[in-house]
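> Pasting the sequence and the predicted coordinates here, then a few questions.
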Amino acid sequence: MGAHAEREISARTSMAFDTPAMLTAPLKVIVEEFEELCKVGADKLGSGACISMASRVEKALKKLGVAAGLPSLNGRRQEQLPWGALVRFQGMIMDMRDPEYYAGIYEEVQPDGSVRLRTGKFRDSFDVPEGCTVRPRNEFTWQRTPIICAPLPGQTAWAAEAISGPALPTPAVDVSTTASPGAPARCKRSAEADMAETAAAEEDMDDDMAVDEPPKRPRAPGGEPADPSVCAPCQGGETGEDDRQAAAAWARSSALGSALVKLYDCDVDGSAEPSDLRLNDLVEVYGVLDIGGETDVCDGPTDSISMMMEEEKALRPPPSAQPRLHCLYYRKLPMGRAHPLLPPPDTYEESLAFQVARHHVARTRAAVLGALSGALCGDSLSAELLLYSIISRVLARRGEVPIGKLSLNITGCPAAVTAGGPSPVWTSVGAVLKELLPSLHEMPLTIDKLNQSKLIPEKDYEANSLVYGRLQMPAGSTLLLDETTLTSGKLDEAGVRNLGALGELAARQKVGYDFKYFPVEFDADVSLISISSAKTVLSASSAFCHLPLHIQPSAAPLPAALADPSLLHAARGYLGLAARSVVLDMPEPVALALQNDFVNARKVSKEVSPDDFAHWLSCSRLHAASLLATQIDESHYAHVRQLEASRVARLRAAEVCV
């Protein structure tokens with residue numbers, strides 16, 4: 001593309017569009033922009049990266065209340081929203097698919113033979129006037145990247161409500177707004193039918209060149225083309241074995257309330273593959289909801305490629321099973337620091353939030369510790385270590401050792417009165433953490449559950465998808481285990497693998513995903529808290545900070561302070577800010593004083609090891625973060641040394657009792 005053409009395209013795409021129209025009728029704005037660009041010349045459009053609304057959507061979202069005013073797929077079903085609506089969706093990337101081809105530009109052939117260029121970008125189904133046909137333009141076959149996003153696993157009720165926002169009226173989006181002024185009335189048709197008609201016409205013109213082509217869309221048992229928006233089991237009639245297998249694949253691929261998000265022009269070079277997104281990242285997507293059929297690119301370079309594309313397409317859940325979003329703009333949420341009540345990190349708004357929180361930190365922190373202490377039978381020491389654990393984050397990795405993470409094993413917890421029930425401590429801790437944290441995974445361990453549960457994500461090649469396992473979590477999640485429910489029994493192969501995966505998560509903060517022929521390890525950042533009667537049975541027992549529970553009979557389960565909605569809201573935000581504060585500086589004089597203390601401790605007792613000193617430093621950092629301090633000082637270290645002395649004394653007392 002020449003420099004003059006680039007300047008002209010840039011000038012046309014910088015035209016000012018009405019913000020309300022962009023937010024209420026995005027496809028109409030895209031059509032208008034495409035028509036303006038076509039005046040420069042379709043051959044100048046390249047890969048289609050110039051047809052973009054990302055900068056405009058980003059600019060509009062900076063205005064107060066715009067993002068909250070958009071309907072959220074986190075709180076609504078797609079049936080409650082019209083086709084073509086601009087919606088928002090926040091979730092975790094569960095799977096990343098290979099780039100797919102689509103008709104970037106196609107020809108709309110009028111009944112009188114005249115031709116009009118149209119774009120298939122940001123949609124799956126063509127919008128064709130009655131009596132018109134579609135003709136593809138092979139040189140404008142572009143790429144986009146599908147990803148599977150699901151709501152945050154383990155998301156608590158209050159966090160889900162904060163993300164979805166208040167209930168909004170259903171937006172009135174007229175499908176006809178996608179057409180340009182003066183166009184005839186349109187009927188939404190699947191592009192597959194039009195492509196099939198075009199292919200049939202070409203075959204009639206030259207039978208010698210005709211080849212057997214794969215079916216353009218799934219067929220119902222009766223032989224009629226199936227409705228592309230309805231899954232196979234809903235078509236009616238008898239269901240064959242192939243249909244049952246396809247339905248099972250769809251069910252696996254569209255689980256967990258996920259959405260199929262299609263990304264366009266993610267990189268500056270026009271590539272469809274996003275360079276900044278990884279599996280398990282949290283993203284907030286703003287895109288066009290598509291509930292129609294799917295565009296069929298049936299003119300690949302070779303017949304084998306076309307057949308492969310058709311086979312892959314047959315494995316995709318229909319829109320009725322999994323919403324489809326054509327992404328206009330997305331923002332990646334910071335790993336381990338995303339919080340539904342807080343502004344983005346490193347912003348002016350966040351600095352204001354820190355100022356307010358620091359002003360009330362003594363009262364808020366005391367309320368949080370009181371709630372945790374009440375859940376732990378009045379044990380204030382366990383409550384403080386639990387606070388450190390839930391705000392801890394992986395700061396670095398030294399070989400196989402994650403630095404900064406604190407996994408906690410609270411021992412001496414009573415089992416349930418009824419056999420097989422959860423520990424009352426596990427239940428009460430879970431209830432409090434659900435009120436305070438945006439995400440919590442609760443997992444009672446039993447022989448049967450270890451043998452039967454799917455903890456490790458695995459690749460399903462039949463559905464061409466990564467099947468969710470419970471250990472697939474975003475950074476900053478909390479996992480609460482109940483080991484008091486374990487009884488004698490035999491673990492099968494799956495149970496041994498699951499137990500080993502939990503141990504690897506605690507020791508190395510890694511999860512090995514099962515790709516059938518080979519495992520692939522992914523980094524994790526999960527706060528692991530185990531409630532048990534004796535020491536944890538996990539193989540990584542040495543990776544835990546162990547603490548026997550001291551039960552206070554007069555402990556209240558939940559302090560009245562957190563019953564105040566305003567204080568509860570402040571406590572939730574405080575924990576999010578504390579987790580963001582774990583990256584702290586340590587002045588050189590303080591570091592020297594701490595090293596001298598370690599040397600003196602070694603002189604007193606040879607049992608003190610470098611690992612102990614590393615643990616003291618990590619806890620000092622977490623204690624400073626829990627106070628929302630800006631750096632670590634000697635008072636934080638001294639407080640942690642007192643806590644550690646009390647913890648070690650309890651461990652020795654417990655060993656004597658045994």
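Nice, thanks for sending it over.

> got a list of what the nearest residue to Arg397 once chain neighbours are set aside touches?
Nearest residue to Arg397, sequence neighbours excluded (Cβ to Cβ, 6 or more residues apart in numbering): Ile403, at 6.6 Å. (C-beta placed from N, C-alpha, C; glycine too.) Contacts for Ile403 (Cβ atoms under 8 Å, 6 or more residues apart in numbering) come out as 394-397, 618.

> and those as CSV, adding secondary structure, pLDDT and distance to Val109?
Formatted as CSV, the contacts of Ile403 follow (DSSP: H, G, I helix; E, B strand; the rest coil; pLDDT from 0 to 100; distance: Cβ to Cβ, whole Å):
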residue, secondary structure, pLDDT, distance to Val109
Val394, coil, 95, 58
Leu395, coil, 94, 61
Ala396, strand, 93, 61
Arg397, strand, 92, 59
Ser618, helix, 96, 68
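
> Buried members of these into PyMOL, please.
To isolate the buried ones among the contacts of Ile403 in PyMOL, judged by 16 or more other Cβ atoms under 10 Å, type:
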select buried, resi 394+395+618
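
> what's the closest of the contacts of Ile403 to Pro414?
Ser618 (29.5 Å; Cβ to Cβ).

> mind putting the contacts of Ile403 in JSON lines, distance to Ala259 included?
Compiled in JSON lines, these are given as follows (distance: Cβ to Cβ, whole Å):
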{"residue": "Val394", "distance to Ala259": "28"}
{"residue": "Leu395", "distance to Ala259": "32"}
{"residue": "Ala396", "distance to Ala259": "34"}
{"residue": "Arg397", "distance to Ala259": "32"}
{"residue": "Ser618", "distance to Ala259": "38"}
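
> Among the contacts of Ile403, pick out the one closest to Tyr106, please.
Using Cβ to Cβ, these come closest to Tyr106 at Val394, 48.0 Å.

> Next up, the contacts around Thr484.
Counting by Cβ under 8 Å, 6+ apart, Thr484 has contacts 413-416, 422-423, 426, 531-533.

> mean confidence for stretch 160-169?
For stretch 160-169, mean pLDDT is 77.

> Over to stretch 285-302?
Stretch 285-302 comes out at a mean pLDDT of 68.

> and the least confident of the contacts of Thr484?
Among the contacts of Thr484, Ala416 has the lowest pLDDT, at 85.

> and Arg88, that one's in a helix?
No. Under DSSP: H, G, I helix; E, B strand; the rest coil, Arg88 sits outside any helix and is assigned strand.

> could you say what helices and strands the helix or strand containing Pro589 packs with?
According to DSSP states H and E, Pro589 maps onto helix 588-604. Secondary-structure packing of helix 588-604 (3 or more Cβ pairs under 8 Å, 6 or more residues apart in numbering; DSSP states H and E): helix 610-626, helix 634-657.

> and the shortest one with helix 588-604, angle?
With axes from the mean of the first three to the mean of the last three Cα atoms, to 10 degrees as the basis, helix 610-626 and helix 588-604 are set at 140 degrees to each other.

> got the buried residues for helix 610-626?
Quick answer for helix 610-626 (16+ other Cβ under 10 Å): 612-613, 616-626.

> Which residues does that helix contact?
Helix 610-626 has contacts (Cβ under 8 Å, 6+ apart) with 365, 387-388, 391-392, 403-406, 545, 578-579, 581-582, 584, 594, 598, 601, 631-633, 636-637, 639-641, 643-644.

> Spatially central residue for the chain, please.
Met92 (0.6 Å; Cα atoms, centre = their mean).

> Disregarding residues adjacent in the polypeptide, which is nearest to that residue?
Per Cβ to Cβ, 6+ apart, closest to Met92 is Pro474, 5.0 Å.

> got the contact list for that neighbour?
Per Cβ under 8 Å, 6+ apart, neighbours of Pro474: 92, 152-153, 280-282, 335, 338, 439.

> Put together JSON lines for those residues, with secondary structure and pLDDT on each row.
Shown next, in JSON lines, are the contacts of Pro474 (DSSP: H, G, I helix; E, B strand; the rest coil; pLDDT from 0 to 100):
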{"residue": "Met92", "secondary structure": "strand", "pLDDT": "95"}
{"residue": "Leu152", "secondary structure": "coil", "pLDDT": "91"}
{"residue": "Pro153", "secondary structure": "coil", "pLDDT": "90"}
{"residue": "Asn280", "secondary structure": "coil", "pLDDT": "93"}
{"residue": "Asp281", "secondary structure": "coil", "pLDDT": "94"}
{"residue": "Leu282", "secondary structure": "strand", "pLDDT": "95"}
{"residue": "Met335", "secondary structure": "coil", "pLDDT": "88"}
{"residue": "Ala338", "secondary structure": "coil", "pLDDT": "92"}
{"residue": "Ser439", "secondary structure": "strand", "pLDDT": "95"}
